[in-house]
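K.L.:
curious how this folds, go ahead:
(one chain, ligands or ions: 1)
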Amino acid sequence: MQILVTGGAGFIGSHLVDRLLDEGHRVTVLDDLSTGTVDNIAHHLGSDRFRLVVGSILDRATLEPLVQQADQIYHLAALVGVKRVVDDPLTGILTNVQGTENVLALAYKYWVPVLIASSSEVYGKSVDLPFREDGEIVLGPTTVPRWSYAHSKALDEHLALAYARKGLPVVIVRYFNAYGPRTDPRGYGSVVARFIAQALRGDPITVYDDGQQTRCFTYVADTVWGTILAAQTPKAQGQVFNIGRDQETSILELARLVRRMTGSTSEIVHIPYRDAYGPNFEESRRRVPDTRRAREVLGFQAGTSLEDGLKATIAWFQERG
Ligand SMILES: NC(=O)c1ccc[n+]([C@@H]2O[C@H](COP(=O)([O-])OP(=O)(O)OC[C@H]3O[C@@H](n4cnc5c(N)ncnc54)[C@H](O)[C@@H]3O)[C@@H](O)[C@H]2O)c1
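P.N.:
Numbers count the residues shown, from 1 in each chain. Purely as a prediction, here's the structure:
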């Protein structure tokens, strides 16, 4: 198949590209390299089954021929990371909403199946755990910029499902805290990356608030496998899937684990959210996926333990120096 991966030079996208090329597909990546890097996909640049197009999903003239040539689209390009969204909500909203609408409208025009990457962020402050795909979404006020990311992803989902109602083969995946090699070491996308970088430098490991908030960390190879299964399973079309591991870990536990596994002597310090994100910041305390639908419809289960995933991620950080 000829596959278009938007955001394919990014963290998850580049691992997806690796796997699709391994399966024998031809892959085109469209990425504006705003947060992705050529390093992530450099090992494919000589391959005649791989092409990198540096450009934006906001530019329909660039996007259109790529969609027209594709048999399948994985749409991962987005402005990602709470910190980035808080710093520049406008770019986030425009990229995530207009960009996705461009992809969907062209996919509809040329009838190309699309997978849309959404986020566990859309569950917001819901306390109805574990989060079911058709469960409630509880988002904070529009005056708090961090919620614009969740709103933009939720609107993407509405758009995608509206196209699905018009017959377009569409599937949506909601990722839960992916981590692994190639994660942004500055930690915009992942607290795991931030903690490992701090621990390896011997800097204080900065835990926001009391550290009792929890997340379900999912190794990127599992995230990618769930993504491919969702795109390749015909009965998945028109549905939303949680793609994540359902083992809950508190941020403080994660900090201790990273410190132990890196052999670091870093101190663990607690800092208020407002020091990192400014005043008026809101956070969800717990986030756990209900994994039943992914298991039953896709046959997907995230199998990599946190310890094994961290080991591979720490090794990657150490190799980069
Ligand atoms: N990492 C996670 O835990 C996580 C969790 C939930 C959802 N997601 C979603 O998964 C997808 C991939 O995220 P990631 O973690 O790999 O982040 P990432 O920042 O590494 O990847 C996003 C990619 O999109 C590219 N991009 C941004 N704007 C673009 C534009 N206008 N045109 C073309 N390319 C553009 C970036 O350069 C980057 O390569 C995103 O849609 C994100 O919302 C990720």
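K.L.:
isn't V192 up against L257?
P.N.:
No - counting by Cβ atoms under 8 Å, V192 does not reach L257; the two are 9.8 Å apart. Where you see a C-beta, it was placed from the backbone N, CA and C, and this is true even at glycine.
K.L.:
neighbour-wise, which of those two wins?
P.N.:
V192 (26 against 16; other Cβ atoms under 10 Å).
K.L.:
now the more buried one: how far from P181?
P.N.:
11 Å (Cβ to Cβ, to the nearest Å).
K.L.:
do the same with A231
P.N.:
Distance of A231 to P181, computed by Cβ to Cβ: 22 Å.
K.L.:
what about I137, neighbour count?
P.N.:
Around I137 there are 16 other residues, counting by other Cβ under 10 Å.
K.L.:
now it. Its backbone dihedrals?
P.N.:
Dihedral pair for I137: phi -110, psi 130, per degrees, to the nearest 10.
K.L.:
kindly report the same for Q212.
P.N.:
Here is the backbone geometry of Q212 (degrees, to the nearest 10): phi -90, psi -10.
K.L.:
what does the stretch 101-250 of the chain put close to the ligand?
P.N.:
Contact residues, the stretch 101-250 of the chain versus the ligand (Cβ under 6 Å from any ligand atom): A117, S119, S120, Y175, N177, A178, G189.
K.L.:
and S14, what helix or strand is that in?
P.N.:
Using DSSP states H and E, the element containing S14 is helix 11-22.
K.L.:
check the average confidence over that helix, would you?
P.N.:
Mean per-residue pLDDT for helix 11-22: 98.
K.L.:
ok now whichever helix or strand comes after it, how far from the chain's centre?
P.N.:
Reading on from helix 11-22 to the C-terminus, the next helix or strand found by DSSP H and E is strand 26-31. Centroid separation for strand 26-31 versus its chain: 17 Å, with Cα atoms, centre = their mean, to the nearest Å.
K.L.:
ok, stretch 122-142 next?
P.N.:
Offset of stretch 122-142 from its chain centre (Cα atoms, centre = their mean): 17 Å.
K.L.:
now it: buried residues?
P.N.:
Across stretch 122-142, burial judged by 16 or more other Cβ atoms under 10 Å covers V122, Y123, G124, S126, L129, P130, F131, R132, E133, I137, L139, G140.
K.L.:
closest to W111 among the residues you listed?
P.N.:
Lowest distance from W111 to those (Cβ to Cβ) belongs to E133, with 25.5 Å.
K.L.:
ok, residues contacting whichever helix or strand I228 is part of?
P.N.:
Assigned by DSSP H and E, I228 belongs to helix 220-232. With Cβ atoms under 8 Å, 6 or more residues apart in numbering as the test, helix 220-232 has contacts from 11-12, 15-16, 19-20, 23, 72, 74, 113, 115, 117, 171, 173, 175, 178-183, 236, 241, 243-245, 294, 298-300, 302-304.
K.L.:
pLDDT of it, averaged?
P.N.:
On average, helix 220-232 scores 98.
K.L.:
who does the helix or strand just after that helix pair up with?
P.N.:
Once helix 220-232 ends, the next helix or strand along the chain (criterion: DSSP H and E) is strand 240-243. In the sheet, strand 240-243 lines up against strand 170-175 (parallel) (DSSP bridges).
K.L.:
returning to what we had before: the helix holding I228 versus strand 170-175: what angle between them?
P.N.:
With axes from the mean of the first three to the mean of the last three Cα atoms, to 10 degrees applied, the angle from helix 220-232 to strand 170-175 works out at 160 degrees.
K.L.:
output helix 220-232 as PDB - backbone C-alpha positions only.
P.N.:
Taking Å, rounded to 0.1, in the frame of the first residue of the first chain, the C-alpha atoms of helix 220-232 are listed here in PDB:
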ATOM      1  CA  VAL A 220       5.500   3.500  21.900                       C
ATOM      2  CA  ALA A 221       5.800   0.100  20.200                       C
ATOM      3  CA  ASP A 222       2.500  -0.900  21.800                       C
ATOM      4  CA  THR A 223       1.000   2.500  20.800                       C
ATOM      5  CA  VAL A 224       2.000   1.900  17.200                       C
ATOM      6  CA  TRP A 225       0.800  -1.700  17.100                       C
ATOM      7  CA  GLY A 226      -2.700  -0.500  18.400                       C
ATOM      8  CA  THR A 227      -2.700   2.200  15.700                       C
ATOM      9  CA  ILE A 228      -2.000  -0.200  12.900                       C
ATOM     10  CA  LEU A 229      -4.500  -2.700  14.100                       C
ATOM     11  CA  ALA A 230      -7.200   0.000  14.300                       C
ATOM     12  CA  ALA A 231      -6.400   1.100  10.700                       C
ATOM     13  CA  GLN A 232      -6.300  -2.500   9.400                       C
END
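K.L.:
how about it: buried residues?
P.N.:
For helix 220-232, by 16+ other Cβ under 10 Å, it's V220, A221, D222, T223, V224, W225, G226, T227, I228, L229, A230, A231.
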